[in-house]
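K.L.:
Provided below for reference: sequence and predicted model.
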Amino acid sequence: MRRQIQWSACLVVGLTLFTSEFGLGQSKPKVAFVPQIVGIPYFNAMEAGGKDAAEKFGVDFVYTGPTDTNPAEQLRIVNGLIDQGVSAVSLSVLDASSIDPIIKKAKDKGVKIFTSDSDAPNSEREVYVAQALDQDLGFTIIDELAKRIGEQGTVGIVSGEATATNLNTWIKFMQQRVKEKYPKIDLLPPQFAGGTAQRAFQLATDLMTAHPDLKGLIAVASTTCPGVGQAIESAGKIGQVIGTGYGSPNTIRSYLKSGAFGFSVLWNPRDLGYLTVWAGKQLIDGKPFAESNAVPGLEAPAKYDSETKVLLLGPPTVFTKENVDQFNF
Amino acid sequence: MTWKQLARREVTLAIACVAGAILFQFLSPYFLTAQNLATILRNSIELLLVSLGMSFILATAGIDIAVGGVLGICAIFVGWSVQAGWPLAALLFIGPAIGTTLGLVSAALIVWGKIPPIIATLGLFGVYRAAIFLLLGGSWISGLPDTLGPVVNRSIGGLPVVGIYVLLFYSIGWLIMRWLPLGTAILATGGNEGAARLSGVAIGKVKFFVYGFTGLLVGFSAFLYVARYRNVETSTGGLVALDAIVASVLGGASVLGGKANLLGTMFGVILVRLLQNGFVLIGVPSLWEQVITGVLLISVLILDALARSRKRFLTVASP
């Protein structure tokens, strides 16, 4: 008897799940986002933002992705979502070269497909929801640092791999900004630490030895942030040298609190997830993007470039001792 | 001092270190300061320990590519233990314990599985890298409390206390190599495994020892890593295996086995770190230091080959 009750309970729950999944009497359109990998804080934050937006704009949000960064698995999941009949599907692209067939399939089935967080620029995607422009990231870090060191002094750069295109682009914009706007800042040539905190620590320590008057240290790769922060603490240079970099709040929280890092610059993945779902809703409703879009629930308007079909989240977020505890990624 | 002594590898490397130091001091006033020299030593610690183990392995004609992965895994467990607030004794124990275990796994594949060391450890390296990702779940262990700082950052009479740990381990290594039958067995295994087996050397046991000992050293390095950087990222350990092989070979080890020079290894590491430090101090991009290290390594190997062929020629020529 008891077992029967258990079974029928299971059946009821299962049926409820089934009907809600396949929407008997479907009213809300479904917007899906497929991250590069599930279970990491960065994409968890995007998921949270997506959920908020789904509630706000009256859609169902589907979040599912591969458990490792496997492009084939990601495409299989996108394929499954299209077959299940979602109205719009977005993905953070793992392999831009293999995405064309799935985009064609989505279009044939009338499913809006677009990219977010990571793009396939040469594909036929509807739109790319971008987190931040490389130029903004490079300029912001220099502007914020200049403000804190009185627009003068020597500043060192510790980057990751010398071959990383995104890091080198950011460095190029930093150098451009210093050259154009801050003649009294001496930006040293970048040192490359590869992927480890240990080498970043070593380079940061050596830079502080070589330049006793060093005012700032920029950790470009997220892997170099802890090494640089730790080096400033170990050298007893908190207050004299301001560390900064493109580090997520969880990575650099303790260095912001100790004062080794003055600030860090990145975007807010929660807002990126929010904007992604909003963009999906716009596409489903067939509303075109304006040059500047006020998105209810986001502070800055999202700019749209119709030529490249890029919808931009807005200026990068600056994390400081004061606001860092509001973020968890 | 005779020419033969001068030709000893550790002497050559020591001279190279001094020459480099003079050059760097000439170009940067900050090089020869007590603080900077201590920095160089501190930054050599992990590599010194891993290279000591690698010298033992190379002496048996083996190789261990997996040490970077082992370091990463040990560091994760040390990091978690620090987070959990374990007592110092337990923190000291856990790294070497896991490291030794993983070292014995390598040895088991090589001895019982009869897989060539380079293949076995390359495979394990891949497994360990993936394990690190799975264990960390994409997010790092960061912002650890500074409970271990005093253990590693202290100095006694100007000498960083970590230097004493290293001297201790190198003394043990030297004792084994120079004075214990085990040392002879290690060199015999690498010199000619077949002959060693016929003379009654327990090849399997020797291999279990060298890989286990290396694992222990790597585990202790992981402890120091966490203590010093208070952070464990997915790339922890990285390609430390390659750096350790470079340092050992610079120091006089041969990838063909049968040779070990612990003092040379020590100077090899110091030379590499000294160059890295000096290049930053004189304002040269750090990429160049890799070029110099590569050129150094190749020249050393060419010199070795020349010396060997000359010796062989002499042996053949003599009646």
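P.N.:
Okay, I see it.

K.L.:
Just give the number of residues close to the residue in the stretch 201-329 of chain A that chain B sits nearest to.
P.N.:
As assessed by CB to the nearest CB, chain B sits closest to A:Ser254 within the stretch 201-329 of chain A, at 3.1 Å. (Each C-beta comes from the backbone N, C-alpha and C, glycine too.) Neighbour count for A:Ser254, taken as other CB atoms under 10 Å in any protein chain shown: 22.

K.L.:
Surely it touches B:Ile141?
P.N.:
No. Using CB atoms under 8 Å, A:Ser254 makes no contact with B:Ile141, being 11.3 Å away.

K.L.:
what's residue 207 in contact with, if anything?
P.N.:
I went with chain A, as the question did not name one. A:Leu207 makes contact with A:Gly156, A:Val158, A:Leu188, A:Gln191, A:Leu214, A:Leu217, B:Val280, according to CB atoms under 8 Å, 6 or more residues apart in numbering or on different chains.

K.L.:
hm, I was asking about chain B
P.N.:
Counting by CB under 8 Å, 6+ apart, B:Lys207 makes contact with B:Thr60, B:Gly62, B:Ala107, B:Ile110, B:Val111, B:Thr189.

K.L.:
hmm, back to that, can you tell me which of the contacts of A:Leu207 are in strands?
P.N.:
Secondary structure from DSSP state E places A:Gly156, A:Val158, A:Gln191, A:Leu214, A:Leu217 of these in strands.

K.L.:
Same list, those residues, but only the ones touching chain B.
P.N.:
By CB under 8 Å from any CB of the partner chain, the members of the ones in strands among the contacts of A:Leu207 lying near chain B are A:Gln191.

K.L.:
how near is the nearest residue to B:Leu296 once chain neighbours are set aside to A:Ser116?
P.N.:
Closest residue to B:Leu296 apart from its sequence neighbours, by CB to CB, 6 or more residues apart in numbering or on different chains: B:Leu250 at 6.5 Å. Between B:Leu250 and A:Ser116 the distance is 49 Å, computed by CB to CB, to the nearest Å.

K.L.:
And B:Asn192, its phi and psi?
P.N.:
phi -160, psi 100 (degrees, to the nearest 10).

K.L.:
For burial, what's the neighbour tally of the nearest residue to it once chain neighbours are set aside?
P.N.:
Nearest residue to B:Asn192, sequence neighbours excluded (CB to CB, 6+ apart): B:Gly258, at 7.5 Å. A count of neighbours around B:Gly258, defined by other CB under 10 Å, yields 19.

K.L.:
pretty sure B:Gly258 is touching B:Leu58, no?
P.N.:
No. With contact defined as CB under 8 Å, B:Gly258 does not count as touching B:Leu58 (9.4 Å).

K.L.:
which neighbours do the two share?
P.N.:
Common neighbours of B:Gly258 and B:Leu58 (CB under 8 Å, 6+ apart) are B:Gly190.

K.L.:
one step back: the residue nearest to B:Asn192: what's it in contact with?
P.N.:
Counted by CB under 8 Å, 6+ apart, B:Gly258 has contacts B:Ala59, B:Ala61, B:Leu187, B:Ala188, B:Gly190, B:Gly191, B:Asn192.

K.L.:
Same list (the contacts of A:Leu207) but as JSON lines, adding neighbour count.
P.N.:
Output for the contacts of A:Leu207, formatted as JSON lines (neighbours: other CB atoms under 10 Å in any protein chain shown):
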{"residue": "A:Gly156", "neighbour count": "27"}
{"residue": "A:Val158", "neighbour count": "31"}
{"residue": "A:Leu188", "neighbour count": "19"}
{"residue": "A:Gln191", "neighbour count": "27"}
{"residue": "A:Leu214", "neighbour count": "24"}
{"residue": "A:Leu217", "neighbour count": "31"}
{"residue": "B:Val280", "neighbour count": "27"}
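
K.L.:
Dump those to TSV, plus pLDDT and distance to A:Gly262.
P.N.:
Below are the contacts of A:Leu207 laid out as TSV (pLDDT from 0 to 100; distance: CB to CB, whole Å):
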residue	pLDDT	distance to A:Gly262
A:Gly156	97	14
A:Val158	96	15
A:Leu188	96	18
A:Gln191	94	20
A:Leu214	97	13
A:Leu217	98	10
B:Val280	90	22
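
K.L.:
Residues contacting stretch B:291-301, please?
P.N.:
By CB under 8 Å, 6+ apart, stretch B:291-301 touches B:Val246, B:Val249, B:Leu250, B:Leu271, B:Val272, B:Leu275, B:Phe279.

K.L.:
buried stuff in that stretch?
P.N.:
Neighbour-count burial for stretch B:291-301 flags B:Ile292, B:Thr293, B:Leu296, B:Leu297, B:Val300 (criterion: 16 or more other CB atoms under 10 Å in any protein chain shown).

K.L.:
just these now: which is nearest B:Ala16?
P.N.:
Proximity of the buried residues of stretch B:291-301 to B:Ala16 (CB to CB) peaks at B:Leu296, which lies at 8.0 Å.

K.L.:
what about that closest one, helix or strand, and which?
P.N.:
Assessed by DSSP states H and E, B:Leu296 sits inside helix B:287-317.

K.L.:
quick one: average pLDDT of that helix?
P.N.:
Averaging pLDDT along helix B:287-317 gives 75.

K.L.:
mind checking which helix or strand the closest residue to A:Ile141 other than its chain neighbours is in?
P.N.:
Setting aside the residues directly before and after it, A:Ile141 is nearest to A:Val265 in space (CB to CB, 6+ apart), at 4.8 Å. Following DSSP H and E, one finds A:Val265 within strand A:264-266.

K.L.:
For the helix or strand just after that strand, enumerate the helices and strands it packs against.
P.N.:
Using DSSP H and E, the helix or strand that follows strand A:264-266 towards the C-terminus is helix A:269-285. Packing partners of helix A:269-285 (3 or more CB pairs under 8 Å, 6 or more residues apart in numbering or on different chains; DSSP states H and E): strand A:30-34, helix A:41-57, strand A:88-91, strand A:112-116, strand A:128-130.

K.L.:
closest to chain B out of the ones you listed?
P.N.:
Of all these, helix A:41-57 comes closest under CB to the nearest CB, at 4.9 Å.

K.L.:
So for the closest one, what gets flagged as buried?
P.N.:
For helix A:41-57, by 16+ other CB under 10 Å, it's A:41-54, A:57.

K.L.:
and what of stretch B:239-254?
P.N.:
B:239-241, B:243-254.

K.L.:
same question, stretch A:173-180
P.N.:
Those would be A:Phe173, A:Met174, A:Gln175, A:Arg177, A:Val178, for stretch A:173-180 by 16+ other CB under 10 Å.

K.L.:
just stretch B:99-116 next, same as before
P.N.:
Neighbour counts over stretch B:99-116 (16+ other CB under 10 Å) mark B:99-100, B:102-111, B:115 as buried.

K.L.:
Looking at the residues you listed, spot the one nearest B:Tyr229.
P.N.:
Set against B:Tyr229, the nearest of those by CB to CB is B:Gly99 (17.5 Å).
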